[in-house]
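[1] Let me see the structure of the following:
(chains A and B)
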Amino acid sequence: MRTYRRLIGFLRPYRRQLWGSLVFAWAAMGMTVLIPWLIGRAVNAIESGARPDLLPLALAIAGAGLLRLGLTVVRRLVAGRVSLAVEFDLRQHFYAHLQRLELGFFDSQQTGQLMSRATVDLQSIRFFLGYGLIFITQNLLTIFLASLVMIAIEPWLALIALAPAPLIVYTASRYNRVSRPALQEVQQRLAELTAAAEESVSGIRIVKAFAREEHQLRRFRGTVSRVFDQSVYSIKLQAFFSPLIGLLPQLGIVLVLLIGGRQVIAGNLSLGDFTAFYIYLVMLAVPMRMLGMAMGMAQRAIASGNRLFEILDREPSIQSPPGAPPLPAGDGRVRLEGVTLRYDSATPALSGLDLEVEAGRTVALVGPSGAGKTSLVALIARLYDPSEGAVLVDGADVRSVEVGSLRSEIALVADDSFLFTASVAENIAYARPDASREEIEAAARRAQADEFIRDLPGGYEAMVGERGLTLSGGQRQRVAIARALLADPRILILDDATSSVDARTEAAIKAGLREAMAGRTTFIIAHRLSTVSLADEVVVMDAGRIVDRGGHEELLERCGFYAEIAEHGLADTVFLQRDLEARGEMARL
Amino acid sequence: MTPERNRLREAFLLLASLWRLIRGQDQRGRKVRWMIGLLRPYRGRVALMFVAMLLATGAGLAPPYLAGQVVDAGIVAGDIGALDLIVAAFVVVAILYAGATYLQTYLVGWVGTRALQDLRERIFAHLQSMSIGFFTRRSTGVLISRMTNDIEALNQLVTSGVVTMFSSTLTLVGVVAIMLVLDLKLALVTFLTFPLLAVASVVFRIVSHGAYRATRERIAAVTAYLQETLSGVRVVRSFGQEPRHATAMTELNAANREANMKTVYLNASYFPAVELLAAVGTAVILLYGGVQAIDGAIQIGVIIAFVGYLQVFFDPIQQLSQLYTTYQQGMAALDKIFDLLDTEPDMVDAPDAIDPGTLRGEIEMEGVYFAYADDALERERRGKRVEWALRDIDLRVPPGQTLALVGATGAGKSTFAKLVARFYDPQLGRVSIDGHDLRGVAQQALRRQLGIVPQEGFLFSGSVRENIAFGRPEAPLEEIEATAAAVGATAFIAALPEGIETEIGERGVQLSAGQRQLVAFARALLAEPRILILDEATSNVDVRTEKTIERGLERLLAGRTAIVIAHRLSTIRRAGKIVVLEGGRIAEAGTHDELIEVGGPYSRLHGAWADSSAA
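    Here you go, the predicted model:
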């Protein structure tokens, strides 16, 4: 009920339109109910041979129809506008909220889940608020008004005729209740089928390599029959309920024909009233069924509302305190004091870590996967907040400054370089949309991206990203590096940023990077010795702690752990020439 | 009779235009006939389905007539016996209608779903028969959509479309016929509203089709944008660009609202207009019919029946007008599905393909040229530039030897391996194993004896055990466990919540890249391959895992021919033969010591390695 009230709250800004549309709906329904009564009068006139009465009655019917036309048009326009406005608001609200939530939230949520909130759940709420509510009041009103007229004509016949009505509403809402989960299960199994299809297409190389085509087909057949079985179950429900819901109103009509007919013969009821009764019952079958459906709609909207509010009620945990000052001026000194970071699991990603990096230094973070390198750099950009301890940039605790001013001074290049569906130029200028073409091209040149960009169809204006050209991993990384360089940050973070670039290109990027690193603090997470060589010093990490730090040579001698990593993980990477083309091709196979 | 016939012709105008739609347009007739062919196995049920539809439609038409009879034969005649009899008929008809509708709904749903599941399987089987080259040219999403979204669109057409087509048409014809029989003149007067309704419906149908398509495009744009900003949320946050995306989203959201508003306008003008026509029709019946009845030309029950039929009349017309959209979408889906099914598998076994039996594992390439573009030879002949991935490769690998491929990205290492697995055929030259040209060998017989470990350890959803036994599902558990132990995967498997039976993949436990790779190694080993291909199999693995794998590798390589694409010098050094590829050509070949001595590209690469480790 609370959810219901909160959902209704979305309608508050449109109260006036809503009442207006209800008034029009009621008036239109009044016309709809008036018409059968007029038909009844006309039948009486015909029976009694009152020829002059016919024309006025016919005109009245046509007039009522015309009036209803006007009322309904206005009602539909107003209600449609409100419904769309509510949808618009809901989506804006939801999106704005997502933008405020901290990154940790997105780690714990699957994108698919959020998408389904934003599409399926939003849709069912909008249907309910936009149409469902009006349906319910409109149908209730029709039933109410028609019943009123029938009772006025002949009370106990009306009661007999309307006796099956609650049964119809009940059956229709019961159908809605049982068919919903059944249909959802069909959707669920269809999702499984999609996953199975995707798997066999993505893994086709393995399937072919092991000559397992037959086996895959058998497996897929299994998935297909699961969809089939559930679909048939849901069809059975429909086949059972929908004729039943159609049959029940006939019960009322049969009673009216049988009892009302006898009344007319006995002279207790006029033929016109009898006709009006008959038409009302034919007419009411639809609203009664709709009422049941709309009630199901309401249940669904409440379930969807619960899911949506789950997200909307989540307070963003990373926020600037009100009136927070911008990041103080500085050269990018970074300090971590006793930092512990726990994601959801019990083992912390970082535990009690202290690190101080002077402004302008370049530090390489080295360690096995899971050592906490990526977590460490994410804390500097305040993508997460430490569970314990503090992160300071130029002397200010990152939690105390305005988060936008902090992030605009930090540029991060991650190993999976995400590009937006936009031109290459727009992607490079992502952090500074006002950058000139010269600046963009200069950044691209430094990142060794200029050459391949010019070869793209359309050059810098070529569309890339999910719905654009597919660039290779190495190409994407170079665009991402250019994007970071153009941002002109105080602190530059390269998280395995050249992993997909081949050795020769990397050597060329290094020159550009060396230039770009001058005057900034830089953190490099790398698995290649050649990249590590860019750094002034190396920080060796393992299991969320710093094992040692110092120069490369120094550490090789002093730190056995580093020597081991250097020998196995860093050394002979000359042969690691995965270029983007090869990688992209692999991914497609 | 001429004017009446004209009216009748008008009545069938809509249906005729629909029929033309189905028959016309780029072979759609063929496609529709083919679709109908899918129903052949279920002929019996289809026949019963049509009987049920016929019964349901017939029974649905009776009530207004019976109500009229209640008035005429029962009430006006004052005959209670007749009244009871007709009401009894009414009850029978209602029950018949419910029963027939049950049967119809069930059968239509069953047959439609069954036929479409068959189609799904057919598409899947067809995809499985396509070569690897086909999959590199098409995006995964599009192929999957053929088996999912497009089938769903067809489902709409088959289930609701067919029913609407058949029963709405029949209802319409039935109502017209009954009205004409009941009273010719009154029927014709009632039909006066018909052309107006037909025109309005057709116009509405055409205009709203475009409007609804626009709404679908807009909401798709909203969804795509949302999806993108969610996938890229890290980048958005780290550059602090949230406000910009919020603005863009507002624009898309507003565009979506505008597009939807158009449909509101359309609906607000069409549906109320139809209601008005119903009211006007009723007024006309009462006025004209009333005068006739007062004159004694017709009975009053006829008027009541007419008013009743008028209610039945408008539904099928509205439904038929909605059919167009369903039809368009279904046909678009059918076109796409056909496009796929019409693509012939490009690497089919020759009719006389042989099963070479157990392979010794001798690989030979003779004058091999290969390019990923199918028309490479044609282009070369016309003097255009062709990017050969491999050119003029001559090489023999004796059974049991390990061949290491070395070279820069794009040098052709992976392509070499793919030709050995016959994922592609060379444009020139031949690839043979044990002296059999691969083009004459049954693909399944060949690949069953290959073990491939790719760069990304792709695993299927299912248990670890099922994944290891992928190539030999009948392998006993002891053997699977022994294989896992051989590659050093036992420790991590034991740590999983349910050990080797743990479900992995999307709905199960997520494995790390290194763990996946270990499973992929075990999978290759269990298949007891005669030829093993390792394509940068350890590049995604961290140091600790790699050590484990290296131990398993020796076991894996023993006694079989192997092609290894690797970056670890230690692995390469051990190979019986090293081939350095440059731009698709063999630059040099020999053992590690030989190549170092020669002082060619390999020794330079090796020198660069030495430099970089000293850096």
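[2] Only C-alpha atoms from now on, for both contacts and neighbour counts.
    Noted.
[3] any weak-confidence spans in the chain?
    Looking at chain A here, since you left the chain open. Under the criterion of pLDDT under 70, the regions of chain A flagged as low confidence span A:108-110, A:112, A:344-346, A:369, A:415-416, A:466-470, A:499-504, A:527-530, A:567-589.
[4] Can you look at chain B instead?
    Scanning chain B residue by residue, the ranges that satisfy pLDDT under 70 are B:1-28, B:409, B:456, B:505-509, B:537-547, B:567-570, B:607-615.
[5] how does it divide up, domain by domain?
    Domains of chain B are assigned by automatic domain parsing as B:23-183+B:324-344, B:184-297, B:363-614.
[6] Reformat the ones you listed as JSON lines; add distance to A:Asp542 and mean neighbour count.
    Supplementary listing: the domains of chain B in JSON lines, determined by distance: least, CA to CA, whole Å; neighbours: other CA atoms under 10 Å in any protein chain shown:
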{"stretch": "domain B:23-183+B:324-344", "distance to A:Asp542": "38", "mean neighbour count": "19"}
{"stretch": "domain B:184-297", "distance to A:Asp542": "24", "mean neighbour count": "19"}
{"stretch": "domain B:363-614", "distance to A:Asp542": "12", "mean neighbour count": "19"}
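[7] where does the closest residue to chain A within the stretch 101-250 of chain B sit relative to A:Ala285, distance-wise?
    When scored by CA to the nearest CA, the stretch 101-250 of chain B has B:Tyr102 as its residue closest to chain A, at 4.7 Å. Distance from B:Tyr102 to A:Ala285, counting by CA to CA, to the nearest Å: 18 Å.
[8] Up against chain A, what does the stretch 301-450 of chain B have?
    Residues of the stretch 301-450 of chain B found near chain A (CA under 8 Å from any CA of the partner chain) are B:304, B:308, B:406-410, B:414, B:421, B:443-445, B:447-448, B:450.
[9] returning to what we had before: you'd agree the residue of the stretch 101-250 of chain B closest to chain A is up against A:Gly246?
    No - in this structure, B:Tyr102 is not within contact of A:Gly246 by CA atoms under 8 Å, at 10.8 Å.
[10] The domains of chain B into a markdown table, with extra columns for distance to A:Arg2?
    Listed next are the domains of chain B as a markdown table, based on distance: least, CA to CA, whole Å:
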| stretch | distance to A:Arg2 |
| --- | --- |
| domain B:23-183+B:324-344 | 37 |
| domain B:184-297 | 28 |
| domain B:363-614 | 33 |
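[11] picking up where we left off before, and the two most separated of the residues of the stretch 301-450 of chain B next to chain A?
    B:Ile304 and B:Val406 (90.5 Å; CA to CA).
[12] now the strands for the stretch 51-200 of chain A?
    With DSSP state E, counting those that start in this stretch as the definition, the stretch 51-200 of chain A shows no strands.
[13] Need the nearest residue in space to the closest residue to chain B within the stretch 51-200 of chain A, chain neighbours excluded.
    Chain B sits closest to A:Ala58 of the stretch 51-200 of chain A, with a gap of 4.5 Å, by CA to the nearest CA. The spatial neighbour of A:Ala58 that comes closest, neighbours along the chain excluded (CA to CA, 6 or more residues apart in numbering or on different chains), is B:Ala283 at 4.5 Å.
[14] just how off-centre is the helix or strand containing that neighbour within its chain?
    Using DSSP states H and E, B:Ala283 maps to helix B:242-284. Averaged C-alpha coordinates place helix B:242-284 at 31 Å from its chain's average position (CA atoms, centre = their mean, to the nearest Å).
[15] elements contacting that helix?
    The elements that helix B:242-284 packs onto, with contact taken as 3 or more CA pairs under 8 Å, 6 or more residues apart in numbering or on different chains; DSSP states H and E, are helix A:51-100, helix B:184-191, helix B:193-231, helix B:300-341.
[16] tell me the angle the longest one makes with helix B:242-284.
    By that I understand helix A:51-100. Angle, helix A:51-100 to helix B:242-284, by axes from the mean of the first three to the mean of the last three CA atoms, to 10 degrees: 170 degrees.
[17] Now do helix A:51-100 and helix B:193-231, the angle between them.
    Going by the same axes, to 10 degrees, helix A:51-100 makes 10 degrees with helix B:193-231.
[18] The residue positioned nearest the centre of chain A: what's it in contact with?
    Residue closest to the average C-alpha location in chain A (CA atoms, centre = their mean): A:Met115, at 2.3 Å. Taking CA atoms under 8 Å, 6 or more residues apart in numbering or on different chains as the contact definition, A:Met115 lies against B:223, B:226-227.
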